[in-house]
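1. Here is my input; please provide its structure:
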Amino acid sequence: MLTPRSTRLLLYGVVMIAGIALAACENQGGEGAGEAHVPMLDNFFARHVTRIPVGGEVVFVNDGDNPHNAVALDGSWETQAELVDGESETLTIDEPGVYRYYCTFHGTAAGDGMAAVLVVGDVEYDAEGGSDEEAVAEASGRILLVQGDAPAPDLEPSGSDPDPFGTIQDAVDEAEPGDMVLIDEGVYEEEVVVDTPSLTIRGVDRNEVVLDGNFEMSNGIQVVADGVAIENMTARHYILNGFFWTGVEGYRASYVTAYNNADYGVYAFDSVDGVIEHSYASGGPDSAFYIGQCYPCDAVINDVIAEHSALGYSGTNAGGNLYIVDSLWVNNRAGIVPNTLDTELLPPQREVSIVGNLVIGNDNPEPVIKGGSYAAFGNGILLAGGRDNLVERNVVLDHANHGILASPNIDKNFWFASGNKIRDNLIGGSGRADLALAGPGSIGNCFGGNDHESSAPFALELLHGCGGLRLPLGFDLLTASRTLGYYAAAPDGFELRTVGDQPVPPDQEQMPGGEDAAVQPAADVFENYDLDIDAIAPPDPSVALEAPLAQEVTLVTEVGSPGVFQILFGLYGYLMPFVLLAAWVSLSLWDIARRDELARATGIGWVGAILLVPFVGVIAYLAVGGSRLPGWMRLVLVAGGLAAYLVILGLGALVGGIV
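-> As a prediction, this is how the structure comes out:
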């Protein structure tokens, strides 16, 4: 029995062959299509707020162990009565509105317990029931102090509430737009939901103010209101994310640490106008930092450190005024991975600037990983199905597979990598190639001015330079076929308890000014952010040895030998299409040569089609060109050859542990 992943592998094989013939025709599926996925866990929905367009699809997926469902409070829609582990259901909502919904097993019709909100269409929605038109507040000067169980602090900031709060949530619930919630030292075992706009939530000490979910709670801080800034604190051991903004305009994370959380460290989803700066994240089985489903995002990631995660950065369907700059990505399974998928809205991923980053040794096999990210292993910067991205002035060293790779990506649609500019980078120490362009379907990309030693295919900068003509089929099929081997070895899931096995980071840099720093709600943060892209210089690799990391960085990577499945998929996937093409062309030309009845002009036309239009020309001749070859032979040559190719790839995937 084929699982969804093994079916995808077979589809991948079909597309690989078709893509060779169709590489010049960029058919990427509908721009802006995709689905909104809402994971259901035990016992909460992964996002408090999800937005879809009118007529859009929302997919409820049970990722927990308990049965769940989703029922609108107004009775307008519902899933089936019970979705068990691994099951999903897709709903299409045609009427705009704000729909509150709940799980009948773990919530109530009053919207308590396991409950969330679905916003359909361009309608006003505010988490507190107000209007989106409310102006973002300026800092009010009012400070609400959170003391928790710690001894009474020597803190009496001007304008503070006279009575400290015992929990962060209590203070947040009491706060009004423009207030600051100031958190004293201590470990706070709680999850916080922020639905008041324009708050600043700040710890007095980045390393001593710790939110701890004990792997029982969902998010450290989840923000569903505009203009909220989180500063100078740590979040760890949450089932989902450390710090999470969803569906907001205006967000900022400054001097925060998030480690050993079971999804993302610092996560902005369906949110715009944001900055993530001077922060550290590690130990995430998905990614340390994530900005997803936004266009234009109007966002900056600057001066962050990501390590010991499945991916340092992942950004699905995110781009447009999105800058990832001047940061360190080290000791992850893969480094910076913007990508296109159909499981979120707004595909394709596009228009991200990745400039001035230090990307080192992202082939660490130790971090826990979700299966979907496994194929990115050993790549420093991977553009997976994205387009019109800029990768410039980065230093990318010591990766088991590729330093910088542009590759198609496959989900429900096949997403080409196109229009990407990779230039003026320093790349070295890569196991397969410093620069790589995977195919099929990678067109219009350019490589120029890079200091590198190897490329796949050979002479990549010559064939795909950033000036002049580019070879339309100059991609490396072996890279794409090897990806199948990684899918074969990918785990189906992970045990929650293993997330915390990654190293605990040392103390990180404090926010300048600490509790006395100016209060700045996250209003117009992108517009006012001081970012001069042209002034960013390539980083010095030696700074990696001086950074406050959880583990020492080595600048030499031991590249292990490829596994049997990587060799199987690599050799067969790379060589077989060319063997088939050679056989088809040889037999077809021989057949034309012996056809005395064929007019000269017709014969020349077919020869031209066979030689100049790869795959399509020769298949057309064998199908409709009047060949003398017996019909059964032509069928075996074409359909049989393709079928054998797919069957062998499929069997290899199944043997590799897909089912």
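
2. Confirm that residue 461 sits in a helix.
-> Yes: according to DSSP: H, G, I helix; E, B strand; the rest coil, residue 461 belongs to a helix.

3. burial of it, as a residue count?
-> When neighbours are defined as other C-beta atoms under 10 Å, residue 461 has 17 of them. C-beta: built from backbone N, CA, C; applies to glycine.

4. mind checking the backbone torsions on the residue nearest to it when sequence neighbours are not counted?
-> In space, and not counting its chain neighbours, residue 461 is closest to residue 447: 4.7 Å by C-beta to C-beta, 6 or more residues apart in numbering. Dihedral pair for residue 447: phi -130, psi 130, per degrees, to the nearest 10.

5. pLDDT weak spots in the protein?
-> Scanning the chain for pLDDT under 70 picks out the ranges 1-33, 127-137, 149-162, 371-372, 441-442, 470-497, 544-547, 551-575, 646, 648-659.

6. and the residue nearest to residue 461, what are its bridge partners?
-> Listed by DSSP bridges, the beta-bridge partners for residue 447 are residue 422.

7. what do you get for residue 231?
-> Counting by DSSP bridges, residue 231 is bridged to residue 202, residue 254.

8. Who are the contact partners of it?
-> Residue 231 makes contact with 200, 201, 202, 203, 252, 253, 254, 255, 256, 511, 517, according to C-beta atoms under 8 Å, 6 or more residues apart in numbering.

9. redo that, cut-off 6 Å
-> By C-beta atoms under 6 Å, 6 or more residues apart in numbering, the contact set of residue 231 is 202, 254, 255, 511.

10. so the third one makes contact with residue 234?
-> No: judged on C-beta atoms under 6 Å, residue 255 makes no contact with residue 234 at a distance of 10.1 Å.

11. Strands of the stretch 51-200 of the chain, residue ranges please.
-> 56-62, 71-72, 88-93, 97-107, 113-120, 143-146, 180-183, 186-188, 192-194, 200-203 (DSSP state E, counting those that start in this stretch).

12. So which bits of the fourth one are buried?
-> Residues 98, 99, 101, 102, 103, 104, 106, 107 are the ones in strand 97-107 that count as buried (16 or more other C-beta atoms under 10 Å).

13. out of those residues, who's nearest residue 347?
-> Comparing those against residue 347 with C-beta to C-beta places residue 99 closest, at 23.9 Å.

14. who does the closest residue to that closest one other than its chain neighbours bridge with?
-> The shortest distance from residue 99 to any non-neighbouring residue, by C-beta to C-beta, 6+ apart, is to residue 118 (4.4 Å). For residue 118, the beta-bridge partners under DSSP bridges are residue 50, residue 99.

15. from what I can see residue 118 touches residue 50, true?
-> Yes: judged on C-beta under 6 Å, residue 118 makes contact with residue 50 at a distance of 5.4 Å.

16. picking up where we left off before, so can I have CSV of the contacts of residue 231 showing distance to residue 226?
-> Listed next are these as CSV, based on distance: C-beta to C-beta, whole Å:
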residue, distance to residue 226
202, 18
254, 17
255, 21
511, 22
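
17. residues in contact with residue 291?
-> Counting by C-beta under 6 Å, 6+ apart, residue 291 makes contact with 268, 299, 315, 318.

18. and those, which of them are in strands?
-> Counting by DSSP state E, the contacts of residue 291 place 268, 299, 315 in strands.

19. ok now do the residue lying closest to the last one once chain neighbours are set aside, which residues does it touch?
-> If you skip the residues right next to it in sequence, residue 315 has residue 338 as its closest partner in space, 4.4 Å away by C-beta to C-beta, 6+ apart. The neighbourhood of residue 338, defined by C-beta under 6 Å, 6+ apart, consists of 315, 349, 352, 386.

20. any chance of the strands of the stretch 51-200 of the chain in a markdown table, plus distance to residue 375?
-> Below are the strands of the stretch 51-200 of the chain laid out as a markdown table (distance: least, C-beta to C-beta, whole Å):
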| stretch | distance to residue 375 |
| --- | --- |
| strand 56-62 | 20 |
| strand 71-72 | 36 |
| strand 88-93 | 22 |
| strand 97-107 | 33 |
| strand 113-120 | 31 |
| strand 143-146 | 43 |
| strand 180-183 | 40 |
| strand 186-188 | 37 |
| strand 192-194 | 34 |
| strand 200-203 | 37 |
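
21. so which of these gets nearest residue 223?
-> strand 192-194 (4.5 Å).

22. which other helices and strands contact that closest one?
-> Counting by 3 or more C-beta pairs under 6 Å, 6 or more residues apart in numbering; DSSP states H and E, the packing neighbours recorded for strand 192-194 are helix 168-174, strand 221-223.

23. Mean neighbour count, these: which tops it?
-> Neighbour counts (mean count of other C-beta atoms under 10 Å) averaged over each of these peak at strand 221-223, with a mean of 27.

24. For it, which helices and strands make contact with it?
-> On a contact count with 3+ C-beta pairs under 6 Å, 6+ apart, strand 221-223 meets strand 192-194, strand 243-246.

25. I'd like those strands as JSON lines, with mean neighbour count appended.
-> Formatted as JSON lines, those follow (neighbours: other C-beta atoms under 10 Å):
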{"stretch": "strand 192-194", "mean neighbour count": "22"}
{"stretch": "strand 243-246", "mean neighbour count": "29"}
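
26. Could you save those as TSV and add columns showing distance to residue 46?
-> Putting the helices and strands packed on strand 221-223 into TSV (distance: least, C-beta to C-beta, whole Å) gives the following:
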stretch	distance to residue 46
strand 192-194	13
strand 243-246	9
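
27. re the thing from before, of the buried residues of strand 97-107, which is the nearest to residue 327?
-> Nearest to residue 327 out of the buried residues of strand 97-107 is residue 98 (C-beta to C-beta; 37.0 Å).

28. so that closest one makes contact with residue 120?
-> No: with contact defined as C-beta under 6 Å, residue 98 and residue 120 do not form a contacting pair (7.8 Å).

29. how about stretch 54-67: buried residues?
-> Per 16+ other C-beta under 10 Å, stretch 54-67 contains these buried residues: 56, 57, 58, 60, 61, 62, 63, 64, 67.

30. I'd say the last one and residue 82 touch.
-> So the one you mean is residue 67. Yes: at 4.6 Å, residue 67 counts as touching residue 82 under the criterion of C-beta under 6 Å.

31. Report the beta-bridge partner residues of residue 328.
-> Beta-bridge partners recorded for residue 328 (DSSP bridges): residue 305, residue 358.

32. pretty sure it is touching residue 303, no?
-> No: the pair residue 328 / residue 303 is not scored as a contact, 8.7 Å apart, by C-beta under 6 Å.

33. Which of those two has more residues huddled nearby?
-> residue 328 (23 against 16).

34. Look up how far residue 144 lies from the more buried one.
-> To residue 144, residue 328 is 35 Å away according to C-beta to C-beta, to the nearest Å.

35. again with residue 416
-> Distance, residue 416 to residue 144, using C-beta to C-beta: 51 Å.

36. what about the two, which has more around it?
-> Neighbours of residue 416 and residue 144, each counted by other C-beta under 10 Å, are more numerous for residue 416; the result is 29 against 25.

37. Go ahead and confirm that one touches residue 408.
-> Yes: judged on C-beta under 6 Å, residue 416 makes contact with residue 408 at a distance of 5.4 Å.

38. Which secondary structure state does residue 608 sit in?
-> For residue 608, the secondary-structure state derived from three-state DSSP is helix.

39. For it, which non-adjacent residue is spatially closest?
-> Sequence neighbours aside, residue 617 is the residue nearest to residue 608 in space, at 7.9 Å (criterion: C-beta to C-beta, 6+ apart).

40. picking up where we left off before, so which of the helices and strands packed on strand 221-223 gets nearest residue 360?
-> strand 243-246 (25.0 Å).

41. Which secondary structure elements does the closest one sit against?
-> Other helices and strands packing on strand 243-246, by 3+ C-beta pairs under 6 Å, 6+ apart, are strand 221-223, strand 249-259, strand 264-269.

42. No further questions, thank you.
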